[in-house]
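S.K.: Next come a sequence and a model predicted from it.
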Amino acid sequence: MSLRGLILAVQFLTRLPTPQVKDFRDDDLSRAAVYNPLVGAIIGALLAMPLFLVADRPWLAGVLTLLLWVWVTGALHLDGLGDVADAFGAAHRDPQRFLEVLKDPRMGVFGVVTLVMQLLLKFVLLTELAASPLWSGIVLVPAWARWGTLWWSQRLPPLHGAGMAERFSWQLSPRAMWLWALLLAAISAFVAWPLLLALLLVPLIAAWWRKKLGGISGDCLGASIEATESLLLLSLVLLGNL
């Protein structure tokens, strides 16, 4: 286990304080990506605290968890979701405009509306999860979503000019990806079995990107993480009492 890689993964995916890493190289990002699921579990452990501490007040638990979620991730993946929504909105009649709009730092109405709806959806699902017997599954939700980044980067080519997706895929190990899948599946089967749907959901998202765009970008990775997290939360809420 590389402490340097873990620190870089934490730095990239969260706002948590870490020691400074010297002599950063381009291939460090790809090497560090193997720790993405572990960083996701760290995020999930933090999110479990408000759900547990104020479980008797679901609305308060939901909003505190959501605020913590946005803060600890620095809204990194929400930014990607908003950019992708804008790009799809602008490219509705002209698919060639997708990448052009994706590079635009400004956010339009499609992005704003999508972010509002995503935050509202997560808030409602978190309030429901606070009263669910499977509330502890929140620890694994971000872990599964960040495992998805390994799958998508391995299985999808980067879009033209999509540097972040390309840098992720440089030195990713398929063996590590499958080991993470086995570990997360074993824990999910014991803690929160509906999360096993991630094994189907992540490949389906990859297939959708391949059909829609033929590849993936860094913003698409962020949007995919947000979509995966929401769908896994939904599975916990809907299947939690079965």
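M.R.: Perfect, I can see it now. Residues are numbered from 1 along each chain as shown.
S.K.: any weak-confidence spans in this protein?
M.R.: The model of the chain has pLDDT under 70 over residues 1, 24-27, 93-95, 160-171.
S.K.: got the residue ranges for the helices in it?
M.R.: 3-13, 26-32, 36-53, 58-73, 76-90, 98-102, 109-130, 141-155, 163-169, 174-191, 198-212, 218-239 (DSSP state H).
S.K.: which of those is buried the deepest?
M.R.: helix 141-155 (a mean of 25; mean count of other CB atoms under 10 Å). (Glycine included, C-beta is placed from N, CA and C.)
S.K.: Run through the neighbouring helices and strands of that helix.
M.R.: helix 36-53, helix 163-169, helix 174-191, helix 198-212, helix 218-239 (3 or more CB pairs under 8 Å, 6 or more residues apart in numbering; DSSP states H and E).
S.K.: how about those in JSON lines, adding distance to Val10?
M.R.: Formatted as JSON lines, the helices and strands packed on helix 141-155 follow (distance: least, CB to CB, whole Å):
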{"stretch": "helix 36-53", "distance to Val10": "6"}
{"stretch": "helix 163-169", "distance to Val10": "16"}
{"stretch": "helix 174-191", "distance to Val10": "16"}
{"stretch": "helix 198-212", "distance to Val10": "22"}
{"stretch": "helix 218-239", "distance to Val10": "16"}
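S.K.: closest to Arg155 out of those?
M.R.: Proximity to Arg155 (CB to CB) singles out helix 198-212 among these, at 5.0 Å.
S.K.: if we look at the closest one, which residues are touching it?
M.R.: 144-145, 147-148, 151-152, 155-156, 181, 184-185, 188, 215-216, 220, 224, 227-228, 231-232 (CB atoms under 8 Å, 6 or more residues apart in numbering).
S.K.: Pull the contacting residues for Phe110.
M.R.: Applying CB under 8 Å, 6+ apart to Phe110 gives the contacts Ala85, Asp86, Phe88, Gly89, Ala90.
S.K.: So the second one is in contact with Gly111, correct?
M.R.: Right, Asp86. Yes: the pair Asp86 / Gly111 is scored as a contact, 4.1 Å apart, by CB atoms under 8 Å.
S.K.: OK, contacts around the nearest residue to Phe110 once chain neighbours are set aside?
M.R.: Take Phe110 and drop its neighbours on the chain: the residue closest to it by CB to CB, 6 or more residues apart in numbering is Gly89, 3.3 Å away. With contact taken as CB under 8 Å, 6+ apart, Gly89 is in contact with Gly108, Val109, Phe110, Gly111.
S.K.: Can you say which two of these are spatially most distant?
M.R.: Val109 and Gly111 (7.3 Å).
S.K.: sorry, back to before: of all the helices and strands packed on helix 141-155, which lies closest to Ile7?
M.R.: helix 36-53 (10.2 Å).
S.K.: helices and strands around the closest one, which ones?
M.R.: helix 3-13, helix 58-73, helix 109-130, helix 141-155.
S.K.: could I get those helices as TSV with distance to Val202?
M.R.: Below are the helices and strands packed on helix 36-53 laid out as TSV (distance: least, CB to CB, whole Å):
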stretch	distance to Val202
helix 3-13	17
helix 58-73	19
helix 109-130	18
helix 141-155	4
